[in-house]
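sequence plus predicted model, see below.
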Amino acid sequence: MRTLSELEDLRSLGNGHTDYLTDYAPSVLETFENQHVDHDYLVTLNCPEFTTLCPKTGQPDFARIVINYIPDRMMVESKSLKLYLFSFRNHGDFHEDCVNIILNDLVQLMQPRYIEVVGLFTPRGGISIQPFANYADAQHQTLRQHRIEAQMDRSAQ
């Protein structure tokens, strides 16, 4: 069981007042220590209510964001991730940019062994866009390449 001192740096979790920032705010992301660094395991975060804005028209875009990662020493705290993703609400960027920004912010935050971010965007104008971005440390490069190939195979069907 975790001690209270291990949890004292988490500002969002258990806070009676939550601020929902509506413009891109990576500073809200928080981490906690992985207590199982002796082996690889997968964490999946399913975020079905992601919204952002088209940078040209300002029209809303909706997506399900799926984040899969193999943690190393640090893990992302889920409430802070929720607040972070909410902060894209008034952020204007293309789908591909949003997915890569999320990936880069989480890599910088956690330095995971492996991470992938998939954006399953709702079709607009008859086209759905599903960007996939991933990152791996030196020991997980084969997995990174395999996952890219699997995404390509899946999208060709």
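The structure has been received and is ready for your questions. Numbers count the residues shown, from 1 in each chain.

would you map the strands across the protein?
According to DSSP state E, the chain carries its strands in the segments 31-33, 43-53, 60-70, 74-76, 114-121, 132-136.

what lines up beside the first one in the sheet?
Partner strands for strand 31-33, per DSSP bridges, with pairing direction: strand 74-76 (antiparallel).

give me the distance from stretch 34-46 to the chain's centre.
Here stretch 34-46 shows a centroid-to-chain-centroid distance of 15 Å under the convention C-alpha atoms, centre = their mean, to the nearest Å.

same deal with stretch 32-47?
Here the centre of stretch 32-47 is set off from its chain's centre by 14 Å, with C-alpha atoms, centre = their mean.

equivalent analysis for stretch 79-94, please.
For stretch 79-94, the separation from the chain centroid amounts to 10 Å (computed by C-alpha atoms, centre = their mean).

now it: buried residues?
By neighbour count with 16 or more other C-beta atoms under 10 Å, stretch 79-94 contains the buried residues 79-89, 91-93. Every residue, glycine included, has its C-beta placed from N, CA and C.

would you format the strands of the chain as a markdown table with mean pLDDT and distance to Asp23 included?
Shown next, in a markdown table, are the strands of the chain (pLDDT from 0 to 100; distance: least, C-beta to C-beta, whole Å):
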| stretch | mean pLDDT | distance to Asp23 |
| --- | --- | --- |
| strand 31-33 | 96 | 22 |
| strand 43-53 | 97 | 10 |
| strand 60-70 | 97 | 14 |
| strand 74-76 | 98 | 20 |
| strand 114-121 | 98 | 19 |
| strand 132-136 | 98 | 22 |
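
out of those, which is closest to Asp97?
Of all the strands of the chain, strand 43-53 sits nearest to Asp97, with 9.1 Å by C-beta to C-beta.

mind listing what's buried in the closest one?
45, 47, 50-53.

and for stretch 20-27?
Buried, per 16+ other C-beta under 10 Å, within stretch 20-27: 24-25.

endpoints of it, how far apart?
The straight-line separation of the ends of stretch 20-27 (C-alpha to C-alpha, to the nearest Å) is 13 Å.

next one: stretch 37-47
Start-to-end span of stretch 37-47 (C-alpha to C-alpha) is 25 Å.

neighbouring contacts of it?
By C-beta atoms under 8 Å, 6 or more residues apart in numbering, the residues outside stretch 37-47 that reach it are 64-73, 75-76, 78, 81-82, 85, 113.
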